[in-house]
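Q: Pasted the sequence and its predicted model underneath.
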Amino acid sequence: MADEIELFFHGEGEKSRVIRGTPQETLREVLVRWEIVDVVGDDVFVSIGQCEEALEEPLEVEDGADTHPPIDINLTLEVLELHKHRHVHRHRCRQVRVEVNFGGDTKRHRFSPATTIEVVTRWARRKFKLEGAAGDEYVLQICGTQEQPRSDVHLSQLTKFPDCGLCFNLVKEINPQG
């Protein structure tokens, strides 16, 4: 269809995928048509867009929290302005508890599942006062692993209910030589 809107769906612990709907359809209709289960219930939250609230948090705030609210999936894509936001997140965790370790210190924040690794990394660099060119050398690595998630990965993809938490170390990025 010519007036279809291409959306990026991010589900709990799964890879992102592209789905499509028309502006006149409700988000619920689109999710059902694309066979996305668990779209209803008190324990399932659907949010849209990408959350960057943590970047506005004052430096002195410890253990802050995003307020990115769930949306009403019975509204149309047009009313939800999904032609602008384009990202749809479904998760059972309303917030993801994140701990970031660096230099013997730990910073904590409760992020929206709609937050990207890029935003968490920028937040961590700011909290640990690693801004500028020197800070750009640091990336997030999942605690106890060598895994360094790409900057465009959403927290919703890395965590599952009931844990709703992630631990990262802020480490210097290793650039292979040769």
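A: That came in fine, so what should we check first?
Q: use CA for all of it now, contacts and neighbours both
A: Will do.
Q: Report the beta-bridge partners for the closest residue to Ser16 other than its chain neighbours.
A: Leaving aside its chain neighbours, Ser16 sits nearest to His10 (4.7 Å; criterion: CA to CA, 6 or more residues apart in numbering). Here His10 shows beta-bridge partners His89, assigned using DSSP bridges.
Q: Okay, strands next: where are they in this protein?
A: For the chain, applying DSSP state E gives strands covering 5-11, 17-21, 45-48, 64-65, 87-91, 96-102, 105-111, 138-142, 165-172.
Q: deepest of those strands, which one?
A: Comparing the strands of the chain by mean neighbour count (mean count of other CA atoms under 10 Å), strand 87-91 comes out on top with a mean of 24.
Q: Can I get it in CSV, CA atoms only?
A: Coordinates of each C-alpha in strand 87-91 appear next as CSV, following Å, rounded to 0.1, in the frame of the first residue of the first chain:
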residue,chain,number,x,y,z
HIS,A,87,10.0,2.6,16.8
VAL,A,88,7.5,0.4,18.8
HIS,A,89,8.7,-1.4,21.9
ARG,A,90,6.9,-4.2,23.7
HIS,A,91,8.3,-5.3,27.1
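Q: if we can go back for a sec, among the strands of the chain, which is nearest Pro149?
A: For those, the distance to Pro149 is smallest for strand 138-142, at 7.0 Å, taking CA to CA.
Q: before we move on, back to that, kindly provide the distance from the residue nearest to Ser16 to Lys160.
A: For His10, the distance to Lys160 under the criterion CA to CA, to the nearest Å works out to 12 Å.
Q: try Asn74
A: Relative to Lys160, Asn74 is positioned 25 Å away (CA to CA).
Q: Disregarding flanking residues, what is the spatial nearest neighbour of Cys98?
A: Actually, residue 98 is Val. It isn't Cys. Nearest residue to Val98 in three dimensions, chain neighbours excluded: Leu166, at 4.9 Å (CA to CA, 6+ apart).
Q: hang on, that neighbour packs against Thr159?
A: Yes: look at Leu166 against Thr159 with CA atoms under 8 Å: they come within range, at 6.9 Å.
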